[in-house]
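Asker: okay, here's the prediction I keep looking at, along with the sequence it came from:
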Amino acid sequence: MSYTPVKRPKFSLLDKIYIVELVKGLAITMKHMVLSLLGKTPAKKEFNGKGMGACMPFPEQRWDDHLPSYYRGAPTLVRGEDGRERCVSCQLCEFICPARAIKITPGAVSPEAACQKQEKAPAEFEIDMLRCIYCGMCQEVCPEQAIFLSKEYLITVTDRKQAVRNKATLYKLGGTRKGLVNKWNQYK
Amino acid sequence: MSLFDSIWNWCVDLLSNEIWFYLITTVVKLVLMFAVILAFVVLSVWIERRVAGWIQDRPGPNRAGIPLQLFQQFGSKEKQPLKEWLHFFGIPESCWIAKLCTWLRLDREIPTFGLMQPCLDGGKLFLKQELTPSYVRKVYFTIAPMLVLGPPMVAAAVIPFASGVTTKFGAINMVVANIGIGPLWIFAISGLSVYGLTLAGWSSNSKYPFLGGLRATAQLISYEVAMGLSIIPLLMVFSTLNMQDIVQYQADNGWTLLPLWGEGLSWQRWALMAPLALSFIIFVTCVFAEANRTPFDMAECETDLVGGYHSEYSSMKFASFFMGEYAAMVIGSALVVTLFLGGWSIGFGADAALHSVSSWLAVVCQFIMFLIKLTAFIVFFVWVRWTLPRFRWDQVMKLGWLVFLELAVANIFLTAAVLYFVK
Amino acid sequence: MDFAISSILFYAFAAMALICACCVIFASNPVTSAMSMALCFAATAAILFGLGAQFLGIVQITVYAGAILVLFLFVVMMLDIRTEEDDNSFSVFSSLVRMAPGALISGVFAALVFLAAIKLPGADEWNNPLCRAWDSRGELCVGRQEPAASTATGNYGGALPALSPAAAAKTLNPNISNEEAAAATSIPDVKLLGQCLFSQYNVVFVILSFALLASTVGAVALSRKIRKD
């Protein structure tokens, strides 16, 4: 058998009349209401809350310190320790992106760059933050470890165009990442 | 004769005319009633969100206040109003008054404890883009929200909000329409709001709204029957259908559910407690069902119907549905308060005592009492909403037709038996 | 004849009821038909309110507009009846023949209603919307004839309210006191109707309810599906 029959609980007549159970339920919600009005909600300490309930009053107190290491925020582009653009514009992330938020215009590596081996670099790299769903697939698929999800979660724009982040912004947000990718240097 | 005197005399002349007196007092009462209902629609949205928050261990919307920057913009940017006021009254900034003001966020805004939130929500909905899908039946699509919002407002006309006063021009009864069929008027008129829901569902020309409209119709018709039958025991006890008389009786002889003074102390009255309590339970449940509130919000149950009958609506049209629902809730609460919890009466013989001091004082106190009771019952409405899960559709129908209808009919016979054998 | 506000309202609502009744027939969309019927009921209820028969008015709204018509609408929407299209396949003659039975039935019905109306007490005052009604020994009397001296102590019946009901009662009879005028705001129609139904027409009433019950049981029996398992 591919399914297991669930045993429904038998209700007594008192349960069926419903009023006693209703009063019990009302008592529970009333307890919560009174406790949060008094500011004595049990979970308050755990959440580091203030005032009524167990809430963190947002703009004054933030989640930043409580974010787990695996938190997935806005995707950013990173440079290596040597200051090299890690992205080689292979367009795998653009291909994998389920929301089609990424748009890459491939170009040549700039002639001033120290390392010319990788031949290609993005001429433009745009991520539309209105489309991004923070799934992290771009980070997972990147063979160059060039795109990472940051812990940034506050993205506010006043205009649709502002939500599209270009290459310069993405590099600024990403900064440099420790750990050398030895693919292109002399150690390979 | 001065100008003021002539205006005064003109007013006295006008009020001395019976017809003008009737007209003016009625219009004033009408405006007052309308203002109360609209204010309570806004207030009940706020109550709903705050109480929901507290029950779920959150503070609820407590931020929206009146920012003082609004006023600051007109003056110098550097001046802080709070500091200026403190200096003006000569209060040092380290004093407890200053600290209290800072704690109340008075340096930033005028606190309203989030009461501005519903107003801002309304403003937001007003400014939103209005989308009318191309496939709807336009005429009915447009009038449906009006048909939902209108009836509760009209139904409020028969609810008494205080007793009467006698002025030198004539008596004023503090109810807009003092007609002999009070509860029936409310049932009939608020029952009409089902047209709005049905037409909204049909004119949207899409499946989920249609199902929502059908559910709303079936549910409203089912529960209206039980609702009408459940108050018959009450009418047998009061032997009147006039709301003002019902409340006056309760003020003199104890509230329906709290007969602690006047004739209410007799054992005959307490013998009637069982049928009256039963009728209270049936009636309140039916009011929940009629107002389309959880646990009976089958018509807009988002788990199976997206948004129910208002799925296709946006902006102010959606807001009309929203307001209509809350207005129905306010009217339902007012009806329950009037029939079972003594309406405007303060209780324990305080009404008569206040009347002997001054009838205007009595009227004001009774009006405040009515508002307090109304607020309390709205909180109860919200409290139940955040306690009970939504019923299944077949359970709702079964409850209406197989349980409440039978119980209400049996209750009528029970009341008749008690009245026959006891009195 | 001076025009009281009540007369204006009476004619306005009467016109509205007639126009809506025509719309019920001539509208091509069944939902529009149903909605005009609801409006027609509402206008009729408003006329009843104006006559002081509040209970009848509210029953009109509750039962017809609030329940029966909603069910109509329910069925119309469920069946999704399309807008009726012009059908030119019949000749003028055959369409006349098709209309004839309907016209005949409605003509007979209208004649019956008219006959009943002129037989009613107070029918000679058909052109006066300020027609009075009063309660004499539990019977509703309509018309200008004064109540007999022995029943004069009964409730002073209602009159069409001129604006303030009390003021209207005073225009009809300047001698009555304020209290009496206030008591005259409406016909005690709940009482009258109850007395009528449960004494004079009690047997008919009970038989009718049994007929309705029988039809309900019949409908349930017909629509019930017999399960094989």
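Answerer: Happy to help now that I have it.
Asker: these two touch, right, residue B:360 and residue B:163?
Answerer: No - in terms of Cβ atoms under 8 Å, residue B:360 does not count as a neighbour of residue B:163; the distance is 11.0 Å. C-betas here are computed from N, CA, C, even on glycine.
Asker: between the two, who's got more neighbours?
Answerer: The residue with more neighbours, out of residue B:360 and residue B:163, is residue B:163; 24 against 13, by other Cβ atoms under 10 Å in any protein chain shown.
Asker: could you pull out the buried residues of stretch B:129-148?
Answerer: Across stretch B:129-148, burial judged by 16 or more other Cβ atoms under 10 Å in any protein chain shown covers B:136, B:137, B:140, B:141, B:143, B:144, B:145, B:147, B:148.
Asker: from those residues, list the ones also adjacent to chain C.
Answerer: Subset of these in contact with chain C: residue B:140, counting by Cβ under 8 Å from any Cβ of the partner chain.
Asker: let's see which of the buried residues of stretch B:129-148 end up in helices.
Answerer: The helices, defined by DSSP state H, take in B:140, B:141, B:143, B:144, B:145, B:147, B:148 from the buried residues of stretch B:129-148.
Asker: from those residues, which is closest to residue B:211?
Answerer: The shortest approach to residue B:211 among these belongs to residue B:144, at 15.6 Å (Cβ to Cβ).
Asker: list the contacts of that closest one.
Answerer: With contacts taken as Cβ atoms under 8 Å, 6 or more residues apart in numbering or on different chains, residue B:144 has the following neighbours: B:195, B:196, B:197, B:199, B:200, B:203.
Asker: want to throw the residues you listed into CSV with neighbour count?
Answerer: Listed next are the contacts of residue B:144 as CSV, based on neighbours: other Cβ atoms under 10 Å in any protein chain shown:
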residue, neighbour count
B:195, 26
B:196, 26
B:197, 31
B:199, 27
B:200, 31
B:203, 24
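Asker: how many neighbours does the closest residue to chain C within chain A have?
Answerer: Closest contact between chain A and chain C, by Cβ to the nearest Cβ, is at residue A:5 (19.1 Å). Other residues within reach of residue A:5 by the criterion other Cβ under 10 Å amount to 6.
Asker: now it, what's its secondary structure?
Answerer: Of the three states, residue A:5 takes coil under DSSP: H, G, I helix; E, B strand; the rest coil.
Asker: spatially central residue in chain B, please.
Answerer: When chain B is reduced to its mean C-alpha position, the closest residue under Cα atoms, centre = their mean turns out to be residue B:330, at 1.8 Å.
Asker: and the next element down the chain from the helix or strand bottoming out on mean pLDDT in chain A?
Answerer: Among the helices and strands of chain A, helix A:44-47 carries the lowest confidence by mean pLDDT, DSSP states H and E, at a mean of 71. Past helix A:44-47, further along toward the C-terminus, the next helix or strand under DSSP states H and E is strand A:75-77.
Asker: average pLDDT for that next one, rounded please.
Answerer: Along strand A:75-77, the predicted confidence averages to a pLDDT of 91.
Asker: and that strand, what does it pack against?
Answerer: strand A:147-149, helix A:167-174 (3 or more Cβ pairs under 8 Å, 6 or more residues apart in numbering or on different chains; DSSP states H and E).
Asker: partner strands of that strand, parallel or antiparallel?
Answerer: Strands flanking strand A:75-77 in the sheet, each with its direction: strand A:147-149 (antiparallel) (DSSP bridges).
Asker: one step back: please tell me how far the residue nearest to the centre of chain B sits from residue B:152.
Answerer: Relative to residue B:152, residue B:330 is positioned 7 Å away (criterion: Cβ to Cβ, to the nearest Å).
Asker: hey, what's in contact with both of those two?
Answerer: The contact lists of residue B:330 and residue B:152 share residue B:37, where a contact means Cβ under 8 Å, 6+ apart.
Asker: same for the lengthiest helix in chain A, what does it pack against?
Answerer: What stands out as the longest helix in chain A, according to DSSP H, is helix A:19-38. Contact partners of helix A:19-38 among helices and strands, from 3+ Cβ pairs under 8 Å, 6+ apart: helix B:18-55, helix B:359-385.
Asker: Provide the contact partners of stretch A:124-141 at residue level.
Answerer: Counting contacts by Cβ under 8 Å, 6+ apart, the residues outside stretch A:124-141 that touch it are A:72-75, A:77, A:87, A:89, A:92-93, A:96-105, A:107, A:147-149, A:155, A:157, A:160, A:163-167, A:170.
Asker: send me it as PDB with only the CA atoms.
Answerer: What follows is stretch A:124-141 as a C-alpha-only set of coordinates in PDB (Å, rounded to 0.1, in the frame of the first residue of the first chain):
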ATOM      1  CA  GLU A 124      28.900  44.700 -18.400                       C
ATOM      2  CA  PHE A 125      27.300  42.600 -15.700                       C
ATOM      3  CA  GLU A 126      23.800  43.400 -14.500                       C
ATOM      4  CA  ILE A 127      21.600  41.900 -11.900                       C
ATOM      5  CA  ASP A 128      18.000  43.000 -11.700                       C
ATOM      6  CA  MET A 129      17.200  42.900  -8.000                       C
ATOM      7  CA  LEU A 130      13.500  43.000  -8.700                       C
ATOM      8  CA  ARG A 131      13.800  39.600 -10.400                       C
ATOM      9  CA  CYS A 132      16.400  38.000  -8.100                       C
ATOM     10  CA  ILE A 133      15.000  35.300  -5.900                       C
ATOM     11  CA  TYR A 134      18.100  34.800  -3.800                       C
ATOM     12  CA  CYS A 135      18.300  31.100  -4.600                       C
ATOM     13  CA  GLY A 136      22.100  31.000  -4.700                       C
ATOM     14  CA  MET A 137      22.300  29.000  -7.900                       C
ATOM     15  CA  CYS A 138      24.700  31.500  -9.500                       C
ATOM     16  CA  GLN A 139      27.100  31.100  -6.600                       C
ATOM     17  CA  GLU A 140      26.800  27.300  -6.800                       C
ATOM     18  CA  VAL A 141      27.400  27.100 -10.500                       C
END
